[in-house]
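Asker: Got a predicted structure here, sequence first:
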Amino acid sequence: MKLSIIIPHHNGKKLLFDCLQSLFDNISIDSFEVIVVDNHSNDGSSDEAKIQFPSIHLLKSKKNLGYSGGCNFGAKEAIGEYIIFLNNDTLHTKNWIEELINFLDKNPHAGAAQPKILNAIDKDTFDYAGGAGGYIDKYCFPFVRGRLFNTLEKDLNQYDSAKKIFWASGAAFIIRKELLHELNFFDNIFFSYMEEIDLCWRLQALGWGIWNVPTSVVFHYGKQTIKQNSFKSHYLNHRNSWILFIKNSPSFEKGMLIIKRFILDQMAAIYSILTLDFKRFLAIFYSHFWLIYNLRVIINLRKNNDLRQKNLDLIYNGSVAIDYFFKRKKYFNQIFE
């Protein structure tokens with residue numbers, strides 16, 4: 001079989017139905033399977049989806065495994081040569097899958113790729129989660145072509161050339177199945193947010209490229225399972241960024257880099273107080289508490305990560321936060337490219 005499409009799902013009948021209908025309406029290859037992983041939903045949405053779309057393979061978890069665990073659950077059952085991980089709040093365009101498959105078929109050194117991801121409501125604006133491909137700075141703050149923090153760019157074809165990127169968005173990306181197995185899947189410690197960055201980091205350390213394919217287009221609603229600006233969203237973003245930093249950064253042992261990273265977090269906390277964003281402030285505090293409590297676990301992850309010493313070309317050797325908030329650089333091409 002050529003392709004397995006894995007959709008992790010937790011509640012939301014309309015989102016799932018719209019996603020599946022759009023998926024089946026816009027796929028033309030014959031050899032594929034769709035695996036829906038129900039992450040312990042309580043609204044019956046996945047059972048109804050199985051009735052409405054009987055060809056899907058439905059897997060049910062006895063607890064919410066998060067994005068990483070749900071994707072791993074589905075991937076271990078997948079039989080396709082390629083695997084697409086797809087959020088349940090996406091809509092699709094004609095031939096988007098074929099464009100991704102053709103790109104990997106023609107580029108044997110590409111291990112993974114993502115489509116251009118646009119906002120499902122404002123369709124000429126880049127999506128928050130994926131845009132035209134992801135990057136990361138040396139402090140492990142992620143950013144994307146088409147979005148820096150809360151500044152979303154309009155799609156004016158400025159990123160319409162295929163380009164090597166640092167990470168592909170978990171909202172929609174394709175990977176060679178044998179590479180996913182070689183990497184031992186997503187790291188479940190992340191639960192949700194940035195697990196795809198960790199996976200792509202390890203993939204690059206093995207020598208594989210990750211690409212944005214702009215001829216493939218997907219629309220994404222975003223923040224449907226975990227709401228944007230919620231405590232949980234802020235908490236997981238801050239916590240997981242530190243996990244990325246400790247686990248993967250070849251420069252983590254440099255004391256000044258750790259201190260600077262901690263200062264950036266304190267600046268974010270102060271900014272949260274000044275803007276009365278107390279959920280973010282508490283999220284930063286609790287993420288630090290979690291890190292201190294689990295530091296030994298994360299250090300062991302680093303010790304067992306043989307790929308951490310790899311210096312990768314696409315890590316931005318600056319601070320996207322300093323550039324954005326102090327140097328007033330609001331667009332991707334002002335700091336990178």
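Answerer: Cool, the structure landed. Residues are numbered from 1 along each chain as shown.
Asker: so what strands line up beside the longest strand along the chain?
Answerer: Of all the segments assigned as strand in the chain under DSSP state E, the longest by residue count is strand 209-220. Sheet pairing of strand 209-220 (DSSP bridges) gives strand 90-92 (antiparallel), strand 110-119 (parallel), strand 163-165 (antiparallel).
Asker: Which of those sits closest to residue 150?
Answerer: Smallest distance to residue 150 across the strands paired with strand 209-220 (C-beta to C-beta): 12.8 Å, for strand 110-119. All C-beta atoms are positioned from the backbone trio N, CA, C, and that covers glycine.
Asker: Tell me the gap between that closest one and the middle of its chain.
Answerer: Relative to its chain's centre, strand 110-119 lies at 10 Å (C-alpha atoms, centre = their mean, to the nearest Å).
Asker: For it, C-alpha coordinates in PDB please.
Answerer: Provided in PDB are the C-alpha atoms of strand 110-119 (Å, rounded to 0.1, in the frame of the first residue of the first chain):
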ATOM      1  CA  ALA A 110      13.800  14.200   1.500                       C
ATOM      2  CA  GLY A 111      12.500  12.300   4.600                       C
ATOM      3  CA  ALA A 112       9.300  14.400   5.200                       C
ATOM      4  CA  ALA A 113       7.400  17.300   3.700                       C
ATOM      5  CA  GLN A 114       4.400  19.500   4.500                       C
ATOM      6  CA  PRO A 115       1.900  21.400   2.400                       C
ATOM      7  CA  LYS A 116       1.400  25.100   2.400                       C
ATOM      8  CA  ILE A 117      -1.000  25.500   5.400                       C
ATOM      9  CA  LEU A 118      -3.500  28.400   5.300                       C
ATOM     10  CA  ASN A 119      -6.100  29.600   7.800                       C
END
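Asker: Quick check: mean pLDDT of that strand?
Answerer: Here strand 110-119 scores 98 as its mean pLDDT.
Asker: do stretch 207-219 as well
Answerer: Rounded mean pLDDT across stretch 207-219 is 98.
Asker: rewinding a little: I'd like the strands paired with strand 209-220 as a markdown table, with distance to residue 318 and mean neighbour count appended.
Answerer: Converted to a markdown table, those look like this (distance: least, C-beta to C-beta, whole Å; neighbours: other C-beta atoms under 10 Å):
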| stretch | distance to residue 318 | mean neighbour count |
| --- | --- | --- |
| strand 90-92 | 32 | 22 |
| strand 110-119 | 24 | 27 |
| strand 163-165 | 17 | 18 |
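Asker: just so I know, which of these lies nearest residue 304?
Answerer: Evaluated with C-beta to C-beta, these place strand 110-119 nearest to residue 304, the distance being 21.5 Å.
Asker: contact partners of the helix or strand hosting residue 7?
Answerer: Assigning secondary structure by DSSP states H and E places residue 7 in strand 3-9. With contacts defined as C-beta atoms under 8 Å, 6 or more residues apart in numbering, strand 3-9 is touched by 16, 19-20, 23, 29, 31-39, 41, 45-46, 65, 67, 70-71, 74-75, 78-88, 97, 101, 177.
Asker: Can you list the residue ranges for strands in the stretch 201-337 of the chain?
Answerer: Counting by DSSP state E, counting those that start in this stretch, the stretch 201-337 of the chain has strands at residues 209-220, 315-316.
Asker: Pick the most deeply packed of the ones you listed.
Answerer: By mean neighbour count, with neighbours taken as mean count of other C-beta atoms under 10 Å, strand 209-220 ranks first of the strands of the stretch 201-337 of the chain at a mean of 23.
Asker: okay, and for the protein, where does confidence drop off?
Answerer: Along the chain, the model assigns pLDDT under 70 to residues 223-228, 253, 309-310, 337.
Asker: Please repeat the previous calculation with a cut-off of 90.
Answerer: Residues of the chain meeting the criterion pLDDT under 90: 1, 222-230, 249-258, 303-313, 336-337.
Asker: contacting residues around residue 134?
Answerer: By C-beta under 8 Å, 6+ apart, the residues touching residue 134 are 142, 143, 144, 145, 165, 166, 167, 168, 169, 197, 200.
Asker: taking those residues one by one, which sit in strands?
Answerer: The strands, defined by DSSP E, take in 142, 143, 144, 165 from the contacts of residue 134.
Asker: So which of the residues you listed wins on neighbours?
Answerer: Per-residue neighbour counts (other C-beta atoms under 10 Å) across the ones in strands among the contacts of residue 134 peak at residue 144, which has 28 neighbours.
Asker: Tell me what that one is bridged to.
Answerer: Counting by DSSP bridges, residue 144 is bridged to residue 134, residue 147.
Asker: Please name the residues that touch it.
Answerer: 126, 129, 130, 131, 132, 133, 134, 135, 169, 332 are the contacts of residue 144 under C-beta under 8 Å, 6+ apart.
Asker: want to throw those residues into CSV with distance to residue 314?
Answerer: Formatted as CSV, these follow (distance: C-beta to C-beta, whole Å):
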residue, distance to residue 314
126, 19
129, 18
130, 16
131, 15
132, 14
133, 10
134, 10
135, 6
169, 15
332, 13
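Asker: doesn't residue 175 make contact with residue 196?
Answerer: No. With contact defined as C-beta atoms under 8 Å, residue 196 does not reach residue 175; the gap is 9.6 Å.
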